[in-house]
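Enquirer: Here is my input; please provide its structure:
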Amino acid sequence: MRAKGRSGKGRWIARAIVLGLLLMAFWLFLLFLGRPIEPKTIEVDVTDKIAESASR
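Expert: Numbering: from 1, shown residues only. I've put the predicted structure just below:
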């Protein structure tokens, strides 16, 4: 028998809210991981070296 005649409706609502929050956090995590990552490039100025090698 159930104690004090309480229904478990509140418990199910709380579980549904927690499940919804977890799913939203997981979706945001996947969205964050799925972003295109910019390649880190190092800019090097080689115009002087090209001009030097062309004049030889």
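Enquirer: CA only for contacts and neighbour counts going forward, please
Expert: OK.
Enquirer: per-residue confidence averaged over the longest helix anywhere in the chain?
Expert: The residue-count maximum for a helix in the chain (DSSP state H) belongs to helix 9-33. Across helix 9-33, pLDDT averages out at 91.
Enquirer: Next secondary structure element downstream of that helix?
Expert: Downstream of helix 9-33, the first helix or strand assigned by DSSP states H and E is helix 47-55.
Enquirer: could you dump that next one to CSV, C-alpha only?
Expert: These are the backbone C-alpha positions of helix 47-55, laid out as CSV (Å, rounded to 0.1, in the frame of the first residue of the first chain):
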residue,chain,number,x,y,z
THR,A,47,58.0,38.4,-50.3
ASP,A,48,61.5,39.6,-49.5
LYS,A,49,62.9,36.1,-49.9
ILE,A,50,61.0,35.6,-53.2
ALA,A,51,62.3,38.9,-54.5
GLU,A,52,65.8,38.0,-53.4
SER,A,53,65.7,34.7,-55.2
ALA,A,54,64.2,36.1,-58.3
SER,A,55,66.9,38.8,-58.7
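Enquirer: Would you mark the buried spots in that helix?
Expert: Judged by neighbour count (16 or more other CA atoms under 10 Å), helix 47-55 contains no buried residues.
Enquirer: contacts for that helix?
Expert: The contact list for helix 47-55 (CA atoms under 8 Å, 6 or more residues apart in numbering) is empty.
Enquirer: Show the average pLDDT along it.
Expert: Rounded mean pLDDT across helix 47-55 is 77.
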